[in-house]
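Trainee: take this sequence and fold it.
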Amino acid sequence: MERLKKLRKEKGYTQIKMQLLTGIDQSDYSKIEKGKRYFTFEQCKRIALVLDTSMDYLSDLTDDPRPYPRKQSESMGK
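Mentor: Numbering: from 1, shown residues only. Presented below is the predicted three-dimensional model:
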């Protein structure tokens, strides 16, 4: 998933940093980024929040990387 890798690098994050921010094991995250594994809905949501994008963008359903307006209460734990 080129989009995922590009967004991660734009933020200056390593895969280890993504593990810390999303709770997704680094080896699993690497496989997702390389397209060798699909992310779950929850993983996609966590990644989108951390990378400040939309799940649609990560899923290649839109070319607009901007996130949708979010609820004030939206956080990684919810």
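
Trainee: and the helices in this structure?
Mentor: Assigned by DSSP state H, the helices in the chain fall at 2-11, 15-22, 26-34, 41-51, 55-58.

Trainee: nearest to K71, out of these?
Mentor: Closest approach to K71 among the helices of the chain (C-beta to C-beta): helix 41-51, 11.6 Å. C-beta here means a position set from N, CA and C on the backbone, and glycine is covered the same way.

Trainee: centroid-nearest residue for the protein?
Mentor: What sits nearest the mean C-alpha location of the chain, by C-alpha atoms, centre = their mean, is I47, with 2.3 Å.

Trainee: I'd say that one and I24 touch.
Mentor: Yes: here I47 reaches I24: they are 7.5 Å apart, a contact under C-beta atoms under 8 Å.

Trainee: in this structure, where is pLDDT below threshold?
Mentor: Residues of the chain that meet the criterion pLDDT under 70 lie in 73-78.
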